[in-house]
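K.L.:
For reference, the sequence and a predicted model appear below.
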Amino acid sequence: MQRKDLFDFMIRLIKNTADINGDRMPQAFGRWFATMFYPGITSITISDGSGDGKVDLFITCQIGKNVSYHILNTKFTGEYDKGSPVSFYDEITRYWQAFENKTNRADYLKNAVRDNLRDQYKKLFRLYDDGNARLYFVTNHR
């Protein structure tokens with residue numbers, strides 16, 4: 001099997017995920033990755049869109065009594081062997097800084113996160129600060 005065959009196979013699986021869940025392909029990519037990568041998923045919240053504060057998915061997992069939280073920024077392309085745009089580097093930095101730069105969080109919530117997600121972000125900030133949530137950047141770009 002060649003790399004292109006694997007890419008096409010992945011696209012078919014993501015398309016299937018999109019069809020099952022009513023997601024668009026970029027959101028289905030995140031859901032597909034999460035269900036493949038994280039064991040014990042109890043919830044997936046897709047927040048991708050305008051005002052998402054660079055977070056595309058919030059994932060909660062539970063195995064026994066252990067609960068873990070995963071915060072993803074995802075980038076998807078349907079084009080084989082497409083290089084990542086330079087803008088990804090800025091997005092990765094802004095995504096990480098939203099969590100790491102505690103003094104800027106209030107402004108970040110006000111300016112980058114839509115109203116209906118702000119309480120969720122506050123929870124994610126607490127989980128991150130306590131070491132209970134991890135940040136991930138996931139892409140299928142080259």
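P.N.:
Looks like it arrived, so ask away.
K.L.:
For the rest of this, base every contact and every neighbour count on C-alpha atoms.
P.N.:
Noted.
K.L.:
so K82 touches H141, yeah?
P.N.:
Yes - counting by C-alpha atoms under 8 Å, K82 sits close enough to H141 to count as a contact (5.6 Å).
K.L.:
For the most centrally placed residue in the chain, name its beta-bridge partners.
P.N.:
For the chain, the residue lying nearest the average C-alpha position, counting by C-alpha atoms, centre = their mean, turns out to be L72 (2.4 Å). The partner list for L72 in beta bridges (DSSP bridges) reads L57, Y136.
K.L.:
need the contact list for it.
P.N.:
Counting by C-alpha atoms under 8 Å, 6 or more residues apart in numbering, L72 makes contact with 30, 55-58, 135-138.
K.L.:
go with 10 Å
P.N.:
For L72, the set of contacting residues under the criterion of C-alpha atoms under 10 Å, 6 or more residues apart in numbering consists of 30, 34, 46, 48, 54-59, 95, 134-138.
K.L.:
Quick one, which of those has the minimum pLDDT?
P.N.:
Scanning the contacts of L72 for pLDDT, the smallest score is found at D48, 78.
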